[in-house]
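Colleague: Please work out how this folds:
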Amino acid sequence: MIILSVDFGDARTGIAVCDKFEMLASPVCVVSEKDFQECIKKVSEIAIENRAEQIVVGYPKNMNGTIGERAEKCQLFADRLKELSGIPVVLWDERCTTVTAHNYLNITNTRGKKRKSVVDAVAATIILESYLAFRKNNSSAD
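Modeller: Numbering: from 1, shown residues only. Got it, this is the predicted structure:
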């Protein structure tokens, strides 16, 4: 199944996708859009272009597991994205993915404008890799 993942942000939203065999998650792009509705529209178009059969949206719970303002906004984003695209949407815990993405970029010595332009797509890739690992280890994940 082709799955698209989203690391939603107020200014930049990272997008990643996996192959139909769910073996490889790859960054697609970063949507630079501050308008909430326009961002949903652009992500929906990307999902349709990539023939996504499911969308995973990062769900940034607080470290203690509670749901904060940011997670609520991601929930609303996911709900509207599902309505617009007609593609099933799953929320996936994304705690620490941006930190991990920055660590990966440190290893590759990616700095400055290049780092800022890719960190969200890398975070979306990490979200997708985590979700794919879960699906692989839990046959009831469909």
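Colleague: Would you mind measuring from Phe21 to Ile3?
Modeller: As judged by Cβ to Cβ, to the nearest Å, Phe21 and Ile3 stand 11 Å apart. From N, CA and C alone the C-beta is placed, and that goes for glycine too.
Colleague: more crowded one of these two?
Modeller: Counted by other Cβ atoms under 10 Å, Phe21 and Ile3 do not tie: Ile3 has more neighbours, with 25 against 8.
Colleague: So in terms of bridging, what pairs with that one?
Modeller: Beta-bridge partners of Ile3, counted by DSSP bridges, are Gln54.
Colleague: how far is the helix or strand where Val119 lies from where the chain is centred?
Modeller: Here Val119 sits within helix 112-137, counting by DSSP states H and E. Distance, stretch centre to chain centre, for helix 112-137: 7 Å (Cα atoms, centre = their mean, to the nearest Å).
Colleague: Counting neighbours, which bits of that helix end up buried?
Modeller: By neighbour count on 16 or more other Cβ atoms under 10 Å, the buried set for helix 112-137 is 115, 118-132, 135.
Colleague: Could you pull out the strands in this protein for me?
Modeller: Along the chain, counting by DSSP state E, strands occupy 3-7, 12-18, 25-32, 54-59, 89-93.
Colleague: so what strands line up beside the last one?
Modeller: Based on DSSP bridges, the strands next to strand 89-93 in the sheet, each with its direction, are strand 54-59 (parallel).
Colleague: Can you tell me what sits against the partner strand?
Modeller: Identification of contacts with strand 54-59 by Cβ atoms under 8 Å, 6 or more residues apart in numbering yields 1-8, 47, 71, 74-75, 77-78, 81-82, 85, 87-94, 97, 123-124, 127-128, 131.
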